[in-house]
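J.: Give me a model of this one.
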Amino acid sequence: MSDFLKQFEESNYRPDDRPAEQDGSVLTRDNQPSAKIPRQRPDDERNHGDSRLQDSLPDDRAEANTKQKIKGAAHEIKADDKHHKRKLVRYAIVAVSILAFCLLAFGIFFLANRVVVQDFVGISVTEARTWGISNRITIETTEEFTLEAESGIVMSQDRAPDSSMQRGGVLRLVVSQGPDPDERIELPDFNEMTTAEVRQWRQDVAALNANINEEYSDDVEQHHFIRAEFTDSTVTTQTYTRADGLLIYMSRGAETLEANIVVPNFMGQSKQEVEMWAEENSVDVVFAEAASDDIPEGHVVKQSIEPRERIARDADLIITLSLGRFVTVPNFHNLSQEEAGMVPGLELIIRQRFSTTVAFGRLISQSVSAGTEVQADTTQVTVTYSLGRPYLEDLRGQSESVLAEYFFSFTSQGANITYTVVYVDSHEPRGSIVAMSKYAQFLGLQDHITISVSRGNLTPPPGFEDE
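T.: This next block holds a predicted model:
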């Protein structure tokens with residue numbers, strides 16, 4: 001483009017009378033000079049320029065210039081075809097360069113924003129979300145219950161592994177929620193199953209709330225079913241679901257333990273010391289009691305396994321504790337009431353009761369049988385002696401006020417003797433007993449007495465006071 005413009009520079013213009021090689025005229029194909037191409041100017045500039053030039057030159061020179069211009073206008077002008085082609089080529093090159101640059105930039109941007117999709121099936125959705133955040137990919141999940149995968153594990157994806165996707169896109173995953181907790185599960189007959197089969201059933205149906213407990217049993221063969229218990233009492237075999245708790249007990253067979261526990265000498269030790277040792281060594285101790293004149297109460301007087309011998313945790317260890325000194329209960333039929341009160345080592349309670357069959361002073365009963373050994377000074381023995389038949393005295397002439405206490409002495413000692421008071425007209429002092437249905441005689445244990453009490457409302461007969 002610059003070569004083409006240089007042809008029109010003002011310095012390339014030459015007067016017509018100069019040779020063609022010097023005045024910048026264009027040679028034709030036959031090497032003949034052609035008219036030079038004047039620099040194009042706007043009409044106003046060209047006219048103003050000519051007028052200024054003419055004004056500044058003498059008349060003869062202005063006339064010569066006018067003739068020269070007229071003469072130049074008659075020259076032959078030919079266009080440069082190569083220049084136009086070069087111009088088109090330049091435009092084409094620029095356009096192709098721009099297009100190639102745009103395509104290259106778009107390709108780089110496109111490739112830089114592509115992400116290779118990983119295979120997330122079988123891995124945690126958390127790992128997929130982390131990958132999505134790192135690569136600016138939105139992870140959308142749909143959860144489904146299934147027995148095929150644990151909760152939170154990806155089961156499928158909507159884009160194939162190793163395929164490409166644009167950053168900012170969406171990757172859809174189907175994620176496992178694990179087994180349906182509300183699905184009802186049919187329970188098998190555990191009686192026909194071994195421990196391994198029960199474990200396999202639990203895994204196959206994903207009954208994760210069904211716990212298998214193995215315990216020793218002397219009655220059920222090893223690896224066989226013992227019992228099953230629902231943790232919720234409202235659950236039944238027909239309503240059991242995966243969310244319900246179930247305890248399945250399977251047998252470990254009879255427990256056989258090594259006799260590796262050394263038994264110490266417990267003689268004279270307290271019960272608390274024995275219990276502490278038993279707890280530390282996981283030994284079950286059975287306590288018994290026996291009298292001892294030498295060992296204080298609550299201390300060991302005997303042990304079933306000798307000291308320094310070895311036992312297992314399932315062995316029986318019987319520890320006998322002292323009850324202290326014991327005495328033998330005598331036969332109180334052979335002792336009077338006074339003699340009974342002198343028996344040593346007993347906390348004796350002596351009672352008296354009326355009896356129509358046992359003579360006065362004889363023993364009616366004793367609370368502890370004769371010949372029984374009891375702990376001394378701590379065992380109560382009640383003995384009851386007879387008062388014989390109840391005797392009712394003559395109460396006439398006494399005040400009504402003595403009746404309650406008098407008859408209570410009967411009822412408190414086993415005689416259910418009752419009485420009725422009848423108030424009668426009498427000249428006796430008011431409130432005095434004037435008559436009795438029975439008096440001065442022996443009674444039965446269920447008698448009833450009618451007692452007449454004076455109202456004191458009559459005048460004494462003549463001569464009463466003298467009597």
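
J.: quick one: low-confidence ranges for the protein?
T.: 1-81, 83, 105-112, 463-467 (pLDDT under 70).

J.: tell me the domain boundaries of it?
T.: 2-78, 114-176, 190-251, 261-324, 327-386, 391-454 (automatic domain parsing).

J.: which residues touch Y249?
T.: By Cβ atoms under 8 Å, 6 or more residues apart in numbering, the contact set of Y249 is 213-215, 225-229. C-beta coordinates here come from the backbone N, C-alpha and C atoms, glycine included.

J.: For the residues you listed, which single residue is the most surrounded?
T.: F225 (20 neighbours; other Cβ atoms under 10 Å).

J.: Which residue ranges of the stretch 201-350 of the chain form helices?
T.: Ranges of helices in the stretch 201-350 of the chain, per DSSP state H, counting those that start in this stretch, are 271-280, 337-340.

J.: and the first one, C-alpha only, in CSV?
T.: Same thing as helix 271-280. Output of helix 271-280 as CSV, limited to C-alpha atoms (Å, rounded to 0.1, in the frame of the first residue of the first chain):
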residue,chain,number,x,y,z
LYS,A,271,-18.9,-61.9,104.7
GLN,A,272,-17.9,-58.6,103.1
GLU,A,273,-14.3,-59.9,102.6
VAL,A,274,-15.6,-63.0,100.9
GLU,A,275,-17.9,-61.0,98.6
MET,A,276,-15.1,-58.7,97.6
TRP,A,277,-12.8,-61.6,96.6
ALA,A,278,-15.7,-63.3,94.7
GLU,A,279,-16.4,-60.2,92.7
GLU,A,280,-12.7,-59.7,91.8
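
J.: name the helices or strands packed onto that helix?
T.: strand 285-290, strand 317-322 (3 or more Cβ pairs under 8 Å, 6 or more residues apart in numbering; DSSP states H and E).

J.: residues in contact with that helix?
T.: Counting by Cβ under 8 Å, 6+ apart, residues outside helix 271-280 touching it are 264, 266, 283-285, 287, 298-300, 317, 319, 321.

J.: for the last one, same thing?
T.: Under the criterion Cβ under 8 Å, 6+ apart, residues 332, 348, 350, 352, 361, 383, 385 lie in contact with helix 337-340.

J.: Which member of these is positioned nearest R136?
T.: Relative to R136, the closest of these is L348; by Cβ to Cβ it sits at 101.0 Å.

J.: surely the closest one meets T384?
T.: No. Applying Cβ atoms under 8 Å, one finds L348 not in contact with T384, separated by 11.6 Å.

J.: neighbouring contacts of stretch 438-448?
T.: Counting by Cβ under 8 Å, 6+ apart, 354, 356, 389-396, 414-420, 449 sit against stretch 438-448.

J.: Buried by neighbour count, from the residues you listed: which ones?
T.: Neighbour-count burial (16 or more other Cβ atoms under 10 Å) is assigned, among the contacts of stretch 438-448, to 354, 389-390, 392, 395, 414-415, 417, 419, 449.

J.: Which two of these have the greatest separation?
T.: Checking the buried ones among the contacts of stretch 438-448 with Cβ to Cβ, the most distant pair is L395 and G414, at 21.0 Å.

J.: The residue lying closest to T378 once chain neighbours are set aside: neighbour count?
T.: Closest residue to T378 apart from its sequence neighbours, by Cβ to Cβ, 6 or more residues apart in numbering: E347 at 7.0 Å. Per other Cβ under 10 Å, the neighbour tally for E347 reads 13.

J.: Kindly report the same for the one 10 residues further on.
T.: Here the number of neighbours of T357 (other Cβ under 10 Å) works out to 10.

J.: quick one on the thing from earlier: is it possible to get TSV of the domains of the chain that adds distance to E183?
T.: Below are the domains of the chain laid out as TSV (distance: least, Cβ to Cβ, whole Å):
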stretch	distance to E183
domain 2-78	88
domain 114-176	8
domain 190-251	5
domain 261-324	43
domain 327-386	66
domain 391-454	75
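
J.: closest one to F101 among the ones you listed?
T.: domain 114-176 (20.6 Å).

J.: and the closest one, how far apart are its ends?
T.: 28 Å (Cα to Cα, to the nearest Å).

J.: The domains of the chain: which one's closest to C102?
T.: Judging the domains of the chain by Cβ to Cβ, what sits closest to C102 is domain 114-176, at 18.7 Å.

J.: ok now the closest one, how far from the chain's centre?
T.: Computed by Cα atoms, centre = their mean, to the nearest Å, the chain-centroid distance of domain 114-176 equals 31 Å.

J.: Looking at the buried ones among the contacts of stretch 438-448, which is nearest T195?
T.: G414 (69.5 Å).

J.: Double-check the closest one against S355; I have them as touching.
T.: Yes. Counting by Cβ under 8 Å, G414 touches S355, with 7.3 Å between them.

J.: follow-up on the earlier one: wait, isn't the residue nearest to T378 in contact with V383?
T.: No. Applying Cβ under 8 Å as the test, E347 and V383 come out as separate, 11.6 Å apart.

J.: Now R136. Nearest residue, chain neighbours left out?
T.: R167 (4.5 Å).

J.: Pull the number of nearby residues for K438.
T.: 16.

J.: wait, P179
T.: P179, neighbours per other Cβ under 10 Å, totals 21.

J.: Could you look up the SS state of it?
T.: Following DSSP: H, G, I helix; E, B strand; the rest coil, the label given to P179 is coil.

J.: coming back round to it: out of the buried ones among the contacts of stretch 438-448, which sit inside strands?
T.: Counting by DSSP state E, the part of these found in strands is 392, 419, 449.

J.: List the residues that contact the first one.
T.: The one in question is L392. 417, 436, 438-443, 447, 449.

J.: What is the neighbour count of the nearest residue to it once chain neighbours are set aside?
T.: The shortest distance from L392 to any non-neighbouring residue, by Cβ to Cβ, 6+ apart, is to L443 (5.3 Å). Applying the criterion other Cβ under 10 Å, we find 18 residues in the vicinity of L443.

J.: V175 too?
T.: Neighbours around V175, by other Cβ under 10 Å: 21.

J.: So L348 and T384 - more neighbours on which side?
T.: Each of L348 and T384 has its neighbours counted (other Cβ under 10 Å); T384 has more, 21 against 18.

J.: quick one: the more buried one and R353 touch, right?
T.: Yes. Assessed by Cβ under 8 Å, T384 is found in contact with R353 at 5.5 Å.

J.: Can you pull the residues that touch both of those two?
T.: Joint contacts of T384 and R353 (Cβ under 8 Å, 6+ apart) are I364.

J.: Quick check: T236 vs E192, distance?
T.: T236 is 20 Å from E192, where distance means Cβ to Cβ, to the nearest Å.

J.: quick one, strands of the stretch 301-450 of the chain?
T.: Using DSSP state E, counting those that start in this stretch, the strands found in the stretch 301-450 of the chain span residues 310-311, 317-322, 326-328, 347-353, 363-366, 373-375, 380-386, 391-392, 418-424, 433-436, 441-442, 448-454.

J.: what angle sits between the second one and strand 285-290?
T.: Comparing the axes of strand 317-322 and strand 285-290 via axes from the mean of the first three to the mean of the last three Cα atoms, to 10 degrees yields an angle of 30 degrees.

J.: Report all helices and strands that strand 317-322 contacts.
T.: helix 271-280, strand 285-290, strand 300-303.
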